[in-house]
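> sequence and predicted structure are below.
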Amino acid sequence: METPDIVITWEEWKRGREAKRSLLRRLGLDKPCRRAESSSDKRLRPAFGGERGPAFAAEGPAIYDGKPV
């Protein structure tokens, strides 16, 4: 597997996620939007219990199957 050119820390990822949530709140949205379907559904839906990805948490880390995602 090829090493990615860009590497971010967990803290950087959390700051970016909070910035995205802050922008969404300013726009009057309570959560990110998600496409209804994609070509990756065959892989995503079995992995996330019929959903296309983990649930978006309003605050704090996303939780999937009792574990932070």
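That came through, no problem.

> can we go C-alpha only for contacts and neighbour counts from here?
Will do.

> next, the buried residues of the strand or helix carrying R45.
R45 is part of helix 41-47, with elements assigned from DSSP states H and E. Neighbour-count burial for helix 41-47, counted by 16 or more other Cα atoms under 10 Å, picks out L44.

> where do the strands sit along this protein?
Secondary structure of the chain by DSSP state E: the strands cover 63-64, 67-68.

> rewinding a little: got the CA positions of the helix holding R45 in CSV?
Extracted in CSV, the C-alpha atoms of helix 41-47 (Å, rounded to 0.1, in the frame of the first residue of the first chain):
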residue,chain,number,x,y,z
ASP,A,41,-22.6,1.2,-1.6
LYS,A,42,-21.8,-2.5,-2.0
ARG,A,43,-18.8,-2.0,0.2
LEU,A,44,-20.1,0.7,2.6
ARG,A,45,-23.6,-0.6,3.5
PRO,A,46,-22.5,-4.0,4.8
ALA,A,47,-19.7,-2.3,6.8
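
> let me see the ranges of the helices in the protein.
For the chain, applying DSSP state H gives helices covering 10-26, 41-47.

> the ones you listed: lowest mean pLDDT?
The stretch with the lowest mean pLDDT among the helices of the chain is helix 41-47, at a mean of 83.

> worst mean pLDDT among the strands of the chain?
Here the lowest mean pLDDT among these goes to strand 63-64, at a mean of 50.

> ends of stretch 36-47, what's the gap?
With Cα to Cα, to the nearest Å applied, stretch 36-47 spans 16 Å between its terminal residues.

> stretch 35-45 now?
End-to-end distance of stretch 35-45 (Cα to Cα): 13 Å.

> about what we covered before: could you dump the helices of the chain to a markdown table with distance to G53?
As requested, those are arranged in a markdown table below (distance: least, Cα to Cα, whole Å):
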| stretch | distance to G53 |
| --- | --- |
| helix 10-26 | 16 |
| helix 41-47 | 6 |
